[in-house]
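*Asks:* For reference, the sequence and a predicted model appear below.
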Amino acid sequence: MYYITYIIQKKRNFLYKNVAEVRMITTQLLSFLEKGFKKCSYEIHVQKPHDTTFQLLHKKGMLKNENVNLLKLNKDDNYTIFTYEEDMYFSFSYMNGLQVLIRSNCITSPFDKKDLDYLYICFELLDAKNQIQAKDAELDVLIEGIRSVSSSLVLDELLENIVKNALSVIPVANGGYLQLYDPSEEVIITKTSVGFEPIIGNLRMNVGESITGMVFKEGKPLIYHSTEQIYKSMSDHSISPENLQIINSSSKGRVIQAIVSVPISIGDQRIGVMTMHQFDKKGRFTEGDVRLLQGFASQVAIAIQNARLYTEVNEKLQELSKRNEVHNALIKFSLQNKGLKTIVKEIGKMVNGKVSFYDYLENDWYHNQVNQKNDFSVDEISRIFKKRRQPVFVEIRKPKEEKYYLYPIINGTIFLGCFILPYSTTLSIIDRIVIEQGGAILALELVKKHTLEEIYYKKTHEFFNEVIKSRNPEALIAKRKEFNLIPSHSFFVTVIELVNYKDLYKLGADIHSIISLIKKTILQVRLIYGFHNKIIVLVSLTDSTLVDELIKSLTTIIHNWTNNNDSFVCVGVGSTKTGAYHIGKSYEEAKKSVAYLINKKETGIITYESIGVNRLFINQDTNEIEEFINGFFQPLNTARSRKNDLELTLLTYIKLNKSINETAQHLHIHINTLYQRLKKIEEILHLRFNDPKDFLKIQLACHLKESFAYSDEVH
């Protein structure tokens, strides 16, 4: 007995000493019991944490048969002594769930308190031996699992091994499965299983459904120790009939006796659930099993995270490799000056499908396949990329469902065009890389092309200036045959001015776009170029009767273009006459026409002939005109005059050519009221309608008011 205190003090450290020392304690314990019971018979029964019944560990002598599992034991105290059916019992209870029961036919207890303390410690040490061996086995399995997680990237095989490892160290479990959350479908699907029929793979749990759905939702383990508890929990958490049928069918005809289920998480994000089932084994799941299963769940999380990282890195490497491959292939065509058509065809080969490219500035389509139709109209593309500068996925449902990927080609703030790529289900990352790299190459190609056109514009501008300043323009035109002008034809000049542009790059792109539309639509255009914020168009005609038709076409082009671009564009058209010497005069008239629209702050198109008498005011300072109009009408804008609508009355009266009846009818007033208003107007303005000089002044003021009444907004 002298070493009991020593054992108590060193108990914790002793747990980790070698097995030989533990065996020595076993020998000492049995020797101690032999001395205590002497001639009495005794039995040692043990119920471990996983057990539901007592198991006979050791006996000496003969005792009558007795079912010790029917005894009601006090588990609150470390040890208790009681008698039952003429036998004496010594019961030892431990915090981890271990129960030790000594049964003897002794009449009185051979042990005092110190002896019982000694027995209590010895039995705990004996259990520690088994725990150490079990923990060593668990540790070996966990270490092997960690080694596998660190060395293998075959995820499916790795997850199955983790489930097998868990089953090997949780002795009361018969089978297990692992479920992962699929965010695209918002369900928890079975990824791998051991000990179940393959139908378990069809299990698809909603979040919160049944036991595993609740574990995933709440992020807390659940453990059930009876069939009744399990099926009640399944029902309480609304398991679907289909999932219940799958679980029952996958169990190979066995009844579920117990379940333990734990969440799988990466950081704060839950990704799945790991579940163990007990069918026909003896014993029960413990809190230690829950902790152990959570350790395996952590291995699953690490394996999935590693697989994700590997996949991401691998995809990035493939992406970089593909980018370089595509870039090198396309840059080769660009350097060889193969042109847009060849580049688009090569991109089509790379994506192995249909590809279209729309050149916005040139209003041209390029397809990689013969007889390929335009999937979108110019107006549709303009609307899509009016303000958007990012790629877009477009779905068309009528007349049939079609999907397209539209990738814009942008240079700074300028929209140059876009790729159109049809696809069926999803667009692969490789296809996107091809389009992206192709877009960069095409942007360079278009910029190069537009730079050459800028040089051509400059050359054309110099020639046009020579023509309008030349004393012998016919000879100059005949000499410069590259412009395809015939001196004896009829000519007219159109000036298109783009007003209020702050972005010079966009101004240049818009000028180029308008020029392209005009060249494709009006074939009689012989010379066209951009200069600053203007476009100069020289039209050559063999038949001057076609002028109205051409102006109508030009009006349609400008109208459609301004609608799609929200731009302020003014177009002036000079008169048409035969002979090259007339070009300079038509140009001056076109400039005056544009100036007239700009002064009126009106967008649109106007011919010089239609300006009429307003030609006299085109070059007049707008401030002076506005000052004259305000000075004339100011007396009619007092509070009293506005109440009587004197200004409106005067403008209507002059517009209707001084017709009393028509004016009264138009203003919805009596003739006598009109006479009174006209008399007041004469008195306020100190003018008389019957005086020719006064009436001319009145007419001029009303005309200027109608023609040059400026507003803050563009009409």
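*Replies:* Arrived safely.
*Asks:* May I see the buried residues of stretch 662-679?
*Replies:* Buried positions in stretch 662-679, judged by neighbour count with 16 or more other C-beta atoms under 10 Å: 663-664, 667, 669, 674, 677-678. In this view, the C-beta of every residue, glycine as well, is placed from N, C-alpha and C.
*Asks:* how about the strands in the stretch 351-500 of the chain?
*Replies:* Along the stretch 351-500 of the chain, counting by DSSP state E, counting those that start in this stretch, strands occupy 356-359, 364-367, 392-396, 402-411, 414-423, 490-499.
*Asks:* Isn't H450 up against L361?
*Replies:* Yes. H450 is in contact with L361 according to C-beta atoms under 8 Å; the separation is 7.0 Å.
*Asks:* Give me the domain ranges for this structure.
*Replies:* 4-135, 152-309, 337-449, 470-617, 622-707 (automatic domain parsing).
*Asks:* and H50, helix, strand or coil?
*Replies:* coil (DSSP: H, G, I helix; E, B strand; the rest coil).
*Asks:* What residue, apart from its backbone neighbours, is nearest it spatially?
*Replies:* Of all residues not flanking H50 in the chain, G283 sits nearest, at 4.0 Å (C-beta to C-beta, 6 or more residues apart in numbering).
*Asks:* OK, contacts around that neighbour?
*Replies:* 50-52, 171-172 (C-beta atoms under 8 Å, 6 or more residues apart in numbering).
*Asks:* which stretches of the stretch 251-400 of the chain form helices?
*Replies:* Assigned by DSSP state H, counting those that start in this stretch, the stretch 251-400 of the chain shows helices spanning 287-335, 339-351, 378-384.
*Asks:* between H450 and L361, who's got more neighbours?
*Replies:* L361 (23 against 19; other C-beta atoms under 10 Å).
*Asks:* for that one, what are its contacts?
*Replies:* Here L361 is in contact with 416-417, 446, 450, 509, 512-513, 516 (criterion: C-beta under 8 Å, 6+ apart).
*Asks:* Kindly indicate which of those residues lies nearest F376.
*Replies:* G417 (11.9 Å; C-beta to C-beta).
*Asks:* Look up how far Y310 lies from the closest one.
*Replies:* 38 Å (C-beta to C-beta, to the nearest Å).
*Asks:* More neighbours: these two, which one.
*Replies:* Neighbour totals were compared for G417 and Y310, and G417 leads with 26 against 12 (other C-beta under 10 Å).
*Asks:* Isn't the more buried one up against Y358?
*Replies:* Yes. Between G417 and Y358 there is a contact at 5.1 Å, judged by C-beta under 8 Å.
*Asks:* low-confidence ranges in the stretch 1-150 of the chain?
*Replies:* 1-25, 129-150 (pLDDT under 70).
*Asks:* Which stretches in it count as helices?
*Replies:* Counting by DSSP H, counting those that start in this stretch, the helices of the stretch 1-150 of the chain are 4-9, 11-14, 19-37, 113-151.
*Asks:* Share the number of residues neighbouring H703, please.
*Replies:* Neighbours of H703 using other C-beta under 10 Å come to 17.
*Asks:* give me phi/psi at it?
*Replies:* Here is the backbone geometry of H703 (degrees, to the nearest 10): phi -60, psi -50.
*Asks:* still on that earlier bit, next, format the strands of the stretch 351-500 of the chain as a markdown table and append mean pLDDT and distance to S593.
*Replies:* Shown next, in a markdown table, are the strands of the stretch 351-500 of the chain (pLDDT from 0 to 100; distance: least, C-beta to C-beta, whole Å):
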| stretch | mean pLDDT | distance to S593 |
| --- | --- | --- |
| strand 356-359 | 86 | 31 |
| strand 364-367 | 85 | 31 |
| strand 392-396 | 85 | 41 |
| strand 402-411 | 85 | 33 |
| strand 414-423 | 84 | 29 |
| strand 490-499 | 89 | 7 |
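*Asks:* S109: which of those strands is closest?
*Replies:* Closest among the strands of the stretch 351-500 of the chain, using C-beta to C-beta: strand 392-396, at 84.7 Å.
*Asks:* Tell me the spacing between F216 and R480.
*Replies:* For F216 relative to R480 (C-beta to C-beta), the value is 81 Å.
*Asks:* Give me the more crowded residue out of these two.
*Replies:* Between F216 and R480, counted using other C-beta under 10 Å, the more crowded position is F216 (25 against 12).
*Asks:* for the more buried one, what are its contacts?
*Replies:* 179, 181, 188, 205, 207-208, 263, 270, 272-273 are the contacts of F216 under C-beta under 8 Å, 6+ apart.
*Asks:* Tell me which two in those residues are the farthest apart.
*Replies:* G208 and G272 (14.7 Å).
*Asks:* okay, these two: which has more neighbours?
*Replies:* Higher neighbour count among G208 and G272: G272, with 25 against 14, using other C-beta under 10 Å.
*Asks:* Which helix or which strand is home to L517?
*Replies:* helix 504-521 (DSSP states H and E).
*Asks:* which secondary structure elements does that helix contact?
*Replies:* strand 414-423, helix 429-469, strand 490-499, strand 525-531, strand 534-541, helix 547-565 (3 or more C-beta pairs under 8 Å, 6 or more residues apart in numbering; DSSP states H and E).
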